[in-house]
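>>> My questions are about this predicted structure, shown below with the sequence.
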Amino acid sequence: MIRCDRNVPVDLSKSGPPVVALRGVGKSFANRVVALERLDLNVWPGEFVSLLGPSGCGKSTALRIIAGLSEPTRGKVEWREAQAARAAGARRIGFVFQEPTLMPWATVAANVRLPLKLAGLARDATARVDAALARVGLSGFAPSYPRELSGGMKMRASIARALVTEPDLLLMDEPFAALDEITRFRLNNDLLGLWETLGKTVVFVTHSVFESVYLSQRIVVMTRRPGRVFTELSVDAPHPRDESFRTSADYAGYCRRVSEALARASAATEEPPADS
Amino acid sequence: MREGRAKDEISPVADRALRVLLPIGMLALGVALWEFVVRVGGIPPYVLPSPWLVFSTLVSDRALLLASLLVTLTTTLQGFLLAAVGGVGLAVLFNQSRLIEYSLYPYAVILQVTPIVAIAPLLLVYLPQQAAVLACAWIVAFFPVLANTTLGLNSVDHNLVDLFRLYGATRRQVLFDLKLPAALPYILGGLKIAGGLSLIGAVVAEIAAGSAGAGSGLAYRIVESGYRLNIPRMFAALLLLSLAGILIFFALSVLSHLMLRRWHESAIVREV
């Protein structure tokens, strides 16, 4: 089995140990589907890393395991000391789902406030909610209900909710997959802007080569099910990136290399995917 | 835009007017026909009273009938409230504890599938009359609330459940901030059915209670009028009963609309 480049972090490991590391993580489900097998992954402080792979390669499962929403059946998740002490529920994680996942019965402001409410942080919650909404450009929509927003705006509200607790780690599970291209590009830019100003660590799951190259410093390419790391590539183009990067020859070159890696990763498994 | 329109192509204003006017027109037509048949056919009032006679009976017997209406409505309302509290409460209990659900749910179903007409006489043997009537109204009405609330509590968006878990929500928070609001449209749907059913339960129990004498409800008046061949009063009482049913349904529809209009698809008027 191909193990090339596995666990060889591109030299982004500026400051100490990884924020979180998966060590030989495996996950099989009750229906005998093996989603992940011996997955090793380091997430370094402050980096923007993408997990890229074909549909059903277990990248979402890996993200859920990092978030503590799913328990690995083998291997372990190691947290940096400060985080390890905390219970899973209190780790400073923001999670953005594939769908906006807003409560339809609550206003945008109440949705964004939810993490603070659940944590019992009533103090200056309103100010924090306002700030989070302002960050994603939804200031005027606090009293609106989710159904009154467009798809892109709902996703912005979802991002605002993930940021309202000031998490150290932001986990994003194909957040823009359902959006049209124009909206997706704009949200890509806004996300990069947030990452550059806030200095969060971001783990971004996607099946889009172009999105992963545009956003990330490092791309982890995964094989088909059972998912494991096939290879890692770094995207050394400097930040801030903007539309001129999207049309540059550099960008095209990275995309080609990543596409090739993805094609090899998809071919690397003899076993056909159980489903897509 | 097309699919929003109903079967016939008419403007929304005309559509709304027709929705009100057509049923009223049908009613007027039916009543007129009824009056005509009774007069022309010379049908005696103890066989079929004319609409006018029914109406004048309603007016002349108003003291008696309204007092009975109040009795029936009180029972209905009490049964309905008990059904709402009991149905939602049991559903929440079932949702929180699988053991309780496994232990009790089959009996809730048995209570529901056994015809209330058959249970009522038994209840009247063991309970004081008023309590028995109330129990009947409750038994008929609580199940749709229980079934719908259970469905609603189990229909919560899985991602939202994950989100609550991620932020370390307590069971209490999951119940009150997630499950119950998500179940609200289902609960209101169940209550709408329960409103009508609690009236039916009350009526069935009153009829089963039979000759209970003073302070009796509308259903008892119907039975009593039947014994006395006072058919016009029978019709008048029946008319009041259906008006009560309509009123209950309308009130619950308004409540449902008010609670859901900001967010739920069922209450939103789409512009086409």
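Everything's here; your move.
>>> How about the residues of the stretch 151-276 of chain A by chain B?
Counting by CB under 8 Å from any CB of the partner chain, the stretch 151-276 of chain A comes close to chain B at residue A:165. In short, each C-beta sits where N, CA and C put it, glycine included.
>>> which residues in the stretch 151-276 of chain A form strands?
Along the stretch 151-276 of chain A, the segments classed as strands by DSSP state E, counting those that start in this stretch run A:169-173, A:201-206, A:218-222, A:229-234.
>>> Arrange these in TSV, one row each, with mean pLDDT and mean neighbour count as further columns.
Shown next, in TSV, are the strands of the stretch 151-276 of chain A (pLDDT from 0 to 100; neighbours: other CB atoms under 10 Å in any protein chain shown):
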stretch	mean pLDDT	mean neighbour count
strand A:169-173	95	23
strand A:201-206	95	24
strand A:218-222	93	26
strand A:229-234	90	22
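>>> Select, out of these, the one closest to residue B:233.
strand A:169-173 (68.7 Å; CB to CB).
>>> Also compute the angle for that closest one relative to strand A:201-206, please.
In terms of direction (axes from the mean of the first three to the mean of the last three CA atoms, to 10 degrees), strand A:169-173 departs from strand A:201-206 by 10 degrees.
>>> Strand A:169-173 pairs with which strands, and in what direction?
strand A:93-96 (parallel), strand A:201-206 (parallel) (DSSP bridges).
>>> what about the shortest one, distance to the chain center?
Going back to what we said before, that points to strand A:93-96. Centre-to-centre, strand A:93-96 and its host chain are 8 Å apart (CA atoms, centre = their mean, to the nearest Å).
>>> go on, stretch A:45-64?
7 Å.
>>> picking that back up, tell me which of the strands of the stretch 151-276 of chain A approaches residue B:173 most closely.
strand A:169-173 (21.5 Å).
>>> Could you tell me which ranges of the stretch 1-150 of chain A sit under the pLDDT cut-off?
Where the stretch 1-150 of chain A drops to pLDDT under 70, the residues are A:1-15, A:81-91.
>>> for the stretch 1-150 of chain B, same thing?
Ranges of the stretch 1-150 of chain B meeting pLDDT under 70: B:1-9.
>>> ok so, going back, so which of the strands of the stretch 151-276 of chain A comes closest to residue B:128?
Ranking the strands of the stretch 151-276 of chain A by proximity to residue B:128 (CB to CB) places strand A:169-173 first, at 60.4 Å.
>>> distance between that closest one and the chain's centre?
Using CA atoms, centre = their mean, the mean C-alpha position of strand A:169-173 is found 4 Å from that of the whole chain.
>>> contacting residues around it?
Strand A:169-173 is contacted from outside by A:19-20, A:43, A:60, A:63-64, A:66-67, A:91-98, A:162-163, A:200-205, using CB atoms under 8 Å, 6 or more residues apart in numbering or on different chains.
>>> Please indicate which of those residues are buried?
Among the contacts of strand A:169-173, those classed as buried by 16 or more other CB atoms under 10 Å in any protein chain shown are A:19-20, A:43, A:60, A:63-64, A:66-67, A:91, A:93-98, A:162-163, A:200-205.
>>> sorry, back to before: could I get the strands of the stretch 151-276 of chain A in CSV, plus columns for distance to residue A:265?
Below are the strands of the stretch 151-276 of chain A laid out as CSV (distance: least, CB to CB, whole Å):
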stretch, distance to residue A:265
strand A:169-173, 19
strand A:201-206, 14
strand A:218-222, 5
strand A:229-234, 4
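>>> among those strands, which is nearest residue B:255?
With CB to CB as the criterion, residue B:255 lies closest to strand A:169-173 of these, at 38.4 Å.
>>> what sits against the residue nearest to residue B:136 when sequence neighbours are not counted?
Residue nearest to residue B:136 in three dimensions, not counting chain neighbours: residue B:205, with 3.5 Å by CB to CB, 6 or more residues apart in numbering or on different chains. By CB under 8 Å, 6+ apart, residue B:205 lies in contact with B:75, B:116, B:120, B:123-124, B:132-137.
>>> taking the residues you listed one by one, which sit in helices?
The helices, defined by DSSP state H, take in B:75, B:116, B:120, B:123-124, B:132-137 from these.
>>> My guess is residue A:152 contacts residue A:188. True?
No. The criterion here is CB atoms under 8 Å, and residue A:152 misses it with residue A:188 at 11.3 Å.
>>> Local confidence estimate at the residue in chain B positioned nearest to chain A?
Closest to chain A within chain B is residue B:168: 2.3 Å, counting by CB to the nearest CB. Residue B:168 is assigned a pLDDT of 88 by the prediction.
>>> How about residue B:271?
With respect to pLDDT, residue B:271 has a value of 60.
>>> Contact partners for residue B:268?
By CB under 8 Å, 6+ apart, the neighbours of residue B:268 are A:147, B:261.
>>> how much space is there between residue B:234 and residue A:165?
67 Å (CB to CB, to the nearest Å).
>>> Let me fix that, I meant to ask about residue B:71.
As for residue B:71, its distance to residue A:165 is 57 Å (criterion: CB to CB).
>>> Show me which positions of stretch B:163-179 end up buried.
Of all the residues in stretch B:163-179, those buried under the rule 16+ other CB under 10 Å are B:163-164, B:166-169, B:173-175, B:177-179.
>>> whoops, I mixed them up, stretch B:223-234
Buried residues in stretch B:223-234, counted by 16+ other CB under 10 Å: B:223-225, B:230-234.
>>> Tell me which two of those residues sit farthest apart.
Within the buried residues of stretch B:223-234, B:223 and B:232 form the most distant pair, 15.3 Å apart (CB to CB).
>>> about what we covered before: would CSV of the buried residues of stretch B:163-179 with secondary structure be doable?
CSV is the format used below for the buried residues of stretch B:163-179 (DSSP: H, G, I helix; E, B strand; the rest coil):
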residue, secondary structure
B:163, helix
B:164, helix
B:166, helix
B:167, coil
B:168, coil
B:169, coil
B:173, helix
B:174, helix
B:175, helix
B:177, helix
B:178, helix
B:179, helix
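>>> could you pull out the helices for chain A?
Assigned by DSSP H, chain A shows helices spanning A:59-67, A:81-84, A:108-118, A:125-135, A:151-163, A:181-198, A:209-215, A:243-246, A:249-267.
>>> how about those helices in TSV, adding distance to residue A:48?
Putting those into TSV (distance: least, CB to CB, whole Å) gives the following:
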stretch	distance to residue A:48
helix A:59-67	14
helix A:81-84	19
helix A:108-118	22
helix A:125-135	17
helix A:151-163	14
helix A:181-198	6
helix A:209-215	6
helix A:243-246	14
helix A:249-267	14
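>>> between the ones you listed, which one is nearest to residue B:53?
helix A:108-118 (58.4 Å).
>>> so when I look at residue B:88, I'm seeing a helix, right?
Yes. Applying three-state DSSP, one finds residue B:88 inside a helix.
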